[in-house]
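Student: Generate coordinates for the sequence data below:
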Amino acid sequence: MRSFLLAAAAVAALTGAPPAQAQVQPQTAATPTLFDPMFQDHAVLQRGRPIKVWGRAVPGAAVSVGLGQAQIQATAGADGVWRATLPTLTAGGPYVLTAQSGGASQSVSDIMIGDVWLCSGQSNMEFAVRQATNAESEIGAANDANIRLFLVGRSSLPAPSATPRAVGQWRVTSPQSVRDFSAACYFMGRDLRRAEDVPVGLIAASWGGSIIEDWLSRDAVEKLGGHQQALKALDAYARDPAQGDAIWRRVTQDWWRANDPGTKQGWHLARTNDADWAPIPAEGFWESTVPGLATFDGIVWLRKEIELTAAQARQAATLELGPVDDADVTWVNGRYVGGQQGWDTPRTYALPAGTLKAGRNLISVGVLDTNGGGGAWGPAANKRLVLADGTAVSLSSGWRHRVAAPLGDLPNPPRTPWIGGSGTTTLYNGMIEPLGAYGLKGMAWYQGESNIGDYVGYRRLLPALFADWRARFENPDMRMLVVQLANFGPMASQPTNSYWAALRESQRTVVNADPLAGLAVAIDIGDRYDIHPTNKLEVGRRLALEARRLDGETQPVSPQPVSVTRAADGVHVRYAASAQLVVYGSNRLVGFELCGADDACRFVDATLSQNEVVLSSAGASDLKVRFCWADSPVCNIYGPAGLPAVPFEAEIR
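Tutor: Prediction:
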């Protein structure tokens, strides 16, 4: 079932170290404090809407705010926060934005009025221009002063900050400023700038490997339900990390006791016979080191025995296991010593005196891998037991393993809610909430790789994100652009229940239900060997086309069916007359499946008749049609402007 992220390197790439980020600078006493840190030199303010500005002054003080010919009066509240709404302006500039209160004043200059877009998601949105195809030429040509860039630095917080923070800096586009900026975001903005000839402001706030739940506000997560334990622990952690950690440790241990066969059967305890445990290398992901685990996600237990002298055993010690992908529970001599989450987080556990014993000692590690590479994959040389006297016992060999349960047999495991990228609300708190109600035209979202295991839940999470951010930025008309996941992973010689395809279908379904949302299809511009395809120029072009379509312009779109119906000559998949379907590379259409009960699917031939695809081999037992349904499907139907037809799954009516 789990046919994605087969290569060990993929998960490392998915959640790997970010490109250089904008420095996050706290406000200091020397920094002018009238304006919120979002209002800086070179900023772009949204055209066509009243312009909201805010900041801080002496509680109760009057504040005079000016932009161009407009002058507005505001009053700071008891908390010192003031807010003003300036009149709507058309595109243009530069302007000077001013604020005065008592003897204090602040001016920010070179302000442009245009369209502002927020780009967010995980690593494929974070992917920098310097990493993209033809990078040096693109960087060298980045000289449009009317494209302004704001790169939000990585920040994960268990609760929103009580005071304003500068999370980035507005910069004019140049080879220096564009180099580490989001490639998909920049290329989208550049296309919009060329097409509409208005200033464009781009705010990039992404985190590689992040799940969508970490980008939602606390209110949005509460409304979704099902996260009460995580929110309780997160609230406690914000007050006292030790208290939050204690709460979550109980949650995690309860899950392992309730769901892990290894824990239930005492695999963390000493055994007289380990014949049913097989050797495993001390380093590397198990997908690449153990043939039987080449595609395995789920729980595997690891065990290692060491002999200690009485002098060694009476000491306290530190157990160093290196990083474990993704979560672990670790026991020594039947005593729980720790557990963490985070694929690249080194595990270091303190062993109080009395944990060890003279003679044989058993280290047992339950490892839960939710996707990609799994296991205690770090260098073998870094695995060791460090005794209180400074001596170390190597753990670089002699490990054995046993499979406990595949992921498909397990309920969703708990994710530590304060770990940035895989937590709950922390990226919203650190990277979205500080933007305030900054005026935006829309958002471009490229995320989903880290949520493919819960493609059903994504159909609730993505619209919740839309609603949450429209409320955050006080814009119910905010455009929502979604990049549908690109092809990645193995090709299929037979129909398969692909999680990647199912997540793409969730994205398509959510976007189709929202009249202000658009889908940029990327099924033909991925790389089945690399989760980070470099052709972000085309991703940006397709996002820009959708942005212009949502503005009412006539623009080409990726064709998707308007009906799937049964007829005497087979099943008809009808597209809009404007789809202008073409078939590339063959006189046959590739990628269609007919499916009966229990998702028993088969590839079928198809013929194209104007705007209809006919599946003549359909029978009465066929219930639905799939198109381009695989991790890396082969499909050859396109519409205008080189846009691929949208992968889909649809019931036959």
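Student: Return the backbone torsion pair for residue 611.
Tutor: Dihedral pair for residue 611: phi -100, psi 20, per degrees, to the nearest 10.
Student: contacting residues for the residue lying closest to it once chain neighbours are set aside?
Tutor: Among residues not flanking residue 611 along the chain, residue 575 sits closest, at 4.7 Å (C-beta to C-beta, 6 or more residues apart in numbering). Heads up, the C-betas are built off the backbone N, CA and C, glycines and all. By C-beta atoms under 8 Å, 6 or more residues apart in numbering, the contact set of residue 575 is 559-562, 581, 611-613, 645.
Student: By neighbour count, which of those wins?
Tutor: Using other C-beta atoms under 10 Å as the neighbour test, these are led by residue 645, with 28 neighbours.
Student: That one contacts residue 633, doesn't it?
Tutor: No. At 11.1 Å, residue 645 does not count as touching residue 633 under the criterion of C-beta atoms under 8 Å.
Student: coming back round to it: could you dump the contacts of residue 575 into a markdown table and include secondary structure and distance to residue 262?
Tutor: Formatted as a markdown table, the contacts of residue 575 follow (DSSP: H, G, I helix; E, B strand; the rest coil; distance: C-beta to C-beta, whole Å):
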| residue | secondary structure | distance to residue 262 |
| --- | --- | --- |
| 559 | coil | 49 |
| 560 | coil | 45 |
| 561 | coil | 46 |
| 562 | coil | 50 |
| 581 | coil | 52 |
| 611 | coil | 55 |
| 612 | strand | 54 |
| 613 | strand | 49 |
| 645 | coil | 46 |
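Student: Could you save those residues as a markdown table and add columns showing pLDDT and distance to residue 288?
Tutor: Output for these, formatted as a markdown table (pLDDT from 0 to 100; distance: C-beta to C-beta, whole Å):
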| residue | pLDDT | distance to residue 288 |
| --- | --- | --- |
| 559 | 97 | 39 |
| 560 | 96 | 38 |
| 561 | 97 | 40 |
| 562 | 96 | 45 |
| 581 | 95 | 42 |
| 611 | 93 | 47 |
| 612 | 95 | 46 |
| 613 | 97 | 40 |
| 645 | 97 | 35 |
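Student: Closest one to residue 513 out of those, please.
Tutor: Among these, residue 560 lies closest to residue 513 (C-beta to C-beta), at 13.3 Å.
Student: Next up, identify which helix or strand the spatially closest residue to the closest one that is not a sequence neighbour is on.
Tutor: Among residues not flanking residue 560 along the chain, residue 646 sits closest, at 3.8 Å (C-beta to C-beta, 6+ apart). Taking DSSP states H and E as the definition, one finds residue 646 inside no helix or strand.
Student: Report the contact partners of the nearest residue to residue 319 once chain neighbours are set aside.
Tutor: Nearest non-adjacent residue to residue 319, counting by C-beta to C-beta, 6+ apart: residue 349, 4.6 Å away. Contacts here follow C-beta under 8 Å, 6+ apart; on that basis residue 349 touches 318-319, 321, 330, 337-338.
Student: which one of those has the most neighbours?
Tutor: Neighbour tally across the contacts of residue 349 (other C-beta under 10 Å): the maximum, 26 neighbours, falls on residue 321.
Student: And what about it, helix, strand or coil?
Tutor: Classification of residue 321 by DSSP: H, G, I helix; E, B strand; the rest coil places it in strand.
Student: Could you tell me the per-residue confidence at it?
Tutor: Per-residue pLDDT puts residue 321 at 97.
Student: pretty sure it contacts residue 330?
Tutor: Yes. Counting by C-beta under 8 Å, residue 321 touches residue 330, with 7.0 Å between them.
Student: Now for these two: what residues contact both?
Tutor: 347, 349, 365.
Student: so what's the nearest residue to the first one once chain neighbours are set aside up against?
Tutor: Right, residue 347. Counting by C-beta to C-beta, 6+ apart, residue 321 is the residue found nearest to residue 347 once chain neighbours are left out, at 4.2 Å. Counting by C-beta under 8 Å, 6+ apart, residue 321 touches 328, 330, 346-349, 365, 376, 378, 383, 395.
Student: Emit the ChimeraX select command for whichever of those are buried.
Tutor: Buried residues within the contacts of residue 321, by 16 or more other C-beta atoms under 10 Å, are selected in ChimeraX with:
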select :328,330,347,349,365,376,378,383,395
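Student: Tell me which two in the contacts of residue 349 are the farthest apart.
Tutor: Going by C-beta to C-beta, the pair spanning the contacts of residue 349 furthest: 318 and 330, at 12.2 Å.
Student: same for the strand or helix carrying residue 329, what does it pack against?
Tutor: For residue 329, the host element (DSSP H and E) is strand 327-332. Applying 3 or more C-beta pairs under 8 Å, 6 or more residues apart in numbering; DSSP states H and E, one finds that strand 327-332 contacts helix 241-259, strand 317-323, strand 335-338, strand 346-351, strand 359-369.
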